[in-house]
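Trainee: Model the following, please.
(chains A and B)
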Number of protein chains: 2
Amino acid sequence: MGDVKMALDTKILVYTQDKPETYAALIERAGYTSVRFASTPEEAQSKLDGTEIIIAWKFPLRLLERPEAKRVKWIQSLGAGVDDLVHSDSIGDEVVITRIVDHFGPAMSEYVFGQLLYLYQDAARIRAAQRQKRWDPFVSDLLQGKTIGVAGLGSIGKEVIRKARAFDMTVHGLSYSGKAAHLVDRHFGPDEWIPFVKGLDILVLILPLTEQTRHVVNREVLQAMKPDACLVNIGRGHLIAEDELIEVLESGHLRAAILDVFQEEPLPKTNPLWELPNVYITPHMSGPSTQERIGKYILENLNRYHRGEPLLGLVNRQAGY
Amino acid sequence: MGDVKMALDTKILVYTQDKPETYAALIERAGYTSVRFASTPEEAQSKLDGTEIIIAWKFPLRLLERPEAKRVKWIQSLGAGVDDLVHSDSIGDEVVITRIVDHFGPAMSEYVFGQLLYLYQDAARIRAAQRQKRWDPFVSDLLQGKTIGVAGLGSIGKEVIRKARAFDMTVHGLSYSGKAAHLVDRHFGPDEWIPFVKGLDILVLILPLTEQTRHVVNREVLQAMKPDACLVNIGRGHLIAEDELIEVLESGHLRAAILDVFQEEPLPKTNPLWELPNVYITPHMSGPSTQERIGKYILENLNRYHRGEPLLGLVNRQAGY
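Mentor: Predicted structure coming up:
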């Protein structure tokens, strides 16, 4: 991207179902003069013509095959996961894709520890006792001394590890690239899922979704986990073979599954996960940032594009993230 | 204590309402041959004669005025707070009191962060949505960037500080001795409660109860806190003027009060705190340890006493803790 420069009137389209106008206003205040926004596929199509930059979350990618999209050079995702983009046949090879990186670690690691402490302290029991004005002391379980396994050692995994250290946990890690292996007490590679999960009290999935990681947590891996282990997925729904997870949970294996992402989102009301007693469901919210914080990141990247500087969060489409 | 040695048949009385026999068995297994236990005042009185060492939680102190108690030399509390012991007129000046220290930090700091994350992530909303199978994403609040004030910088306060650092919080501290002041970004002394609390998003009370700290968190201090600040008490109920706290909370000031200790415990069913919407009540359970862990500490101290070595957790009765 080093040689690409951008005029201030370059056409920018912001697309997200939730308040795209907020980002658009922010970008306009920074001096960009040709900013449009849309929150439905129909609206996006009507405003697509001549667009060079798409800033979007869950953009209707088939629109990129239309003639109005022929000038699109850069797609900035509003999230960290870009599996939908890298696997789309609708995006030409020459289109640059960027994602948001080094940004979700604090929020997602707070989510992980909030959920784990909820479970280990038995917050549900505590709150029920208060509703009944019942004085019911009990010895709750501690994170201290537990072994947590972090699958995916990017910026989010590193934040989880950092907090796990403050809770005096043993930390194991699995990564495909081997990077950041020095941060964990024991590192495992992609062929070592079974030995990796065998030793864990808690398994946290933060991997990107690639051909290698799709359904990597299958029945065999789940059965290899300790019967009272806890599974946390803040990566992508398709990291787990969801049907097999449901069967394993229904059999009474695993203490809990804390799930923020699912194969289909929103999670259909008919999905049995909603009602399983040892499942804690959150609606893909572990990594949300305020629009203000994401806006700053987007603006920084637009300014880099404008000045012809390297972009943040450049996606390697071969690697898949 | 350096010159006191103890025979293996020295009379030891274990007193606690909850399973004193567990500690007694542990101590007997270590070779001590004259161990008795009791769980009611009547039982304690019947087994008191000749006792040299009392290992107890909430011992009926008036029994110490009886002739059967004249050989008592050492009282080992099973907890960290010993305000009942240091203020008792029933305990002779020559009796040594010890408490459990450097032991509750991990559990109590896990409690603090579990409760805070419950509140900031709005776990109640998340759980209600799951019960209704409702996909309801929202941007939850983060601990990152918040300012936490720790009143009491002993071993428990230090653990809270350590975890607060991992959550990228700003840390202020207040202590009476000034020790550990270097661990916080800003330190306040006992005459600086108002400026201390003014700058905080979260105030955590971990002070011992002394004449100086009784009702130190009164209406004036509470009103000086930010309207959306959160109060956490894991120290002693009487650190707070409870009636004034109730009035302040009823007026809508403060985001929440997370209370583990109360002026009267168990908290009477008639106390309005049970039902205030911004109050989170737990039954004095932030610092419980398993009997196994406390047992190890007790045994270490008994062995030190037996060998004539300095005891752990020696209480300074003048200082009050």
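
Trainee: Which residue, other than its chain neighbours, is closest to the spatially most central residue of chain A?
Mentor: In chain A, the residue lying closest to the centroid (Cα atoms, centre = their mean) is A:G235, at 4.6 Å. Spatial nearest neighbour of A:G235, chain neighbours left out: A:L205 (4.5 Å); criterion: Cβ to Cβ, 6 or more residues apart in numbering or on different chains. All C-beta atoms are positioned from the backbone trio N, CA, C, and that covers glycine.

Trainee: Angles on the backbone of the one you found, please.
Mentor: With angles defined as degrees, to the nearest 10, A:L205 sits at phi -100, psi 120.

Trainee: What pLDDT does the model give A:S289?
Mentor: A:S289 is assigned a predicted lDDT (pLDDT) of 69.

Trainee: Distance of A:G152 relative to A:I206?
Mentor: Distance, A:G152 to A:I206, by Cβ to Cβ, to the nearest Å: 4 Å.

Trainee: Please say which of the two ends up with more neighbours.
Mentor: A:I206 (30 against 24; other Cβ atoms under 10 Å in any protein chain shown).

Trainee: right, and the more buried one touches A:V150 too?
Mentor: Yes - applying Cβ atoms under 8 Å, one finds A:I206 in contact with A:V150, separated by 6.6 Å.

Trainee: Please enumerate the helices of chain A.
Mentor: Assigned by DSSP state H, the helices in chain A fall at A:20-29, A:41-46, A:83-86, A:105-120, A:123-131, A:155-166, A:193-198, A:219-224, A:242-250, A:291-307.

Trainee: Same list (those helices) but as CSV, adding mean neighbour count and distance to chain B.
Mentor: As requested, these are exported to CSV (neighbours: other Cβ atoms under 10 Å in any protein chain shown; distance: least, Cβ to the nearest Cβ, whole Å):
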stretch, mean neighbour count, distance to chain B
helix A:20-29, 18, 12
helix A:41-46, 15, 20
helix A:83-86, 19, 18
helix A:105-120, 24, 3
helix A:123-131, 16, 5
helix A:155-166, 22, 4
helix A:193-198, 18, 24
helix A:219-224, 17, 21
helix A:242-250, 18, 15
helix A:291-307, 17, 8
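
Trainee: Now do the shared contacts for A:I206 and A:V150.
Mentor: Residues touching both A:I206 and A:V150 (Cβ atoms under 8 Å, 6 or more residues apart in numbering or on different chains) are A:G157, A:V160.

Trainee: per-residue pLDDT, the residue nearest to A:Y32 when sequence neighbours are not counted?
Mentor: Of all residues not flanking A:Y32 in the chain, A:L8 sits nearest, at 5.6 Å (Cβ to Cβ, 6+ apart). According to the prediction, A:L8 has pLDDT 89.

Trainee: rewinding a little: if I look at A:G152 and A:I206, which residues touch both of them?
Mentor: What both A:G152 and A:I206 touch, as defined by Cβ under 8 Å, 6+ apart, is the set A:G235.

Trainee: for the residue nearest to A:G235, what are its contacts?
Mentor: With Cβ under 8 Å, 6+ apart, A:L205 has these contacts: A:A151, A:G152, A:V217, A:L231, A:V232, A:N233, A:I234, A:G235, A:L239, A:I240.
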